[in-house]
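**Q** sequence unknown, structure follows:
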């Protein structure tokens, strides 16, 4: 019973905070530029007034860190093509992106992976298939 009382008090606290912020937002000049629900939620969660995105400074990224994406697969001949195509469609500079297909397959997926890797290498992607002779340990 005590837990339910504490839960109720907690809910009342949230309601009081919400209505206090709603009253405070009536004095906020930025309120006209934002939707009521977004402004209230952001103010409620952060404790600060919401600043519209068009008033924020935008940082331009000129140097991208190198990223390696590993695709562990095992006998997934129906999925591997969509998976590789989805990763190659990522909006990231090709010179900073490395793709590793970790293929321990024992069926015709091996040929499919080799074909896909060859195609994507010809398109300029840094992609390679990596296989282990023995499937022990981690995937």
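**A** Perfect, I can see it now. In this text, all values refer to a predicted model and were calculated from it rather than measured experimentally.
**Q** where does residue 18 land in three-state SS?
**A** When classified by DSSP: H, G, I helix; E, B strand; the rest coil, residue 18 comes out as helix.
**Q** if I pick the residue nearest to residue 126 when sequence neighbours are not counted, what's in contact with it?
**A** Counting by CB to CB, 6 or more residues apart in numbering, residue 126 lies nearest to residue 98, which is 4.8 Å off, once chain neighbours are set aside. Placement of C-beta: from N, CA and C, glycine included. With contacts defined as CB atoms under 8 Å, 6 or more residues apart in numbering, residue 98 is in contact with 66-69, 126-127.
**Q** Give the next helix or strand downstream of the lowest-mean-pLDDT helix or strand in the chain.
**A** In the chain, the helix or strand scored least confidently by mean pLDDT, DSSP states H and E is helix 36-46, which has a mean of 48. Scanning forward in sequence from helix 36-46 by DSSP states H and E, the next helix or strand is strand 67-73.
**Q** For that next one, which strands pair with it and how are they oriented?
**A** Strand 67-73 pairs in its sheet with strand 97-103 (parallel), by DSSP bridges.
**Q** Quick check: pLDDT value at the residue nearest to residue 126.
**A** We note a pLDDT of 96 for residue 98 in this prediction.
**Q** beta partners of it?
**A** residue 68, residue 126.
**Q** Next, find the distance separating it from residue 9.
**A** Residue 98 sits 53 Å away from residue 9, going by CB to CB, to the nearest Å.
**Q** From residue 72, how far off is the residue nearest to residue 126?
**A** Going from residue 98 to residue 72 by CB to CB gives 15 Å.
**Q** Check residue 90 too.
**A** 17 Å.
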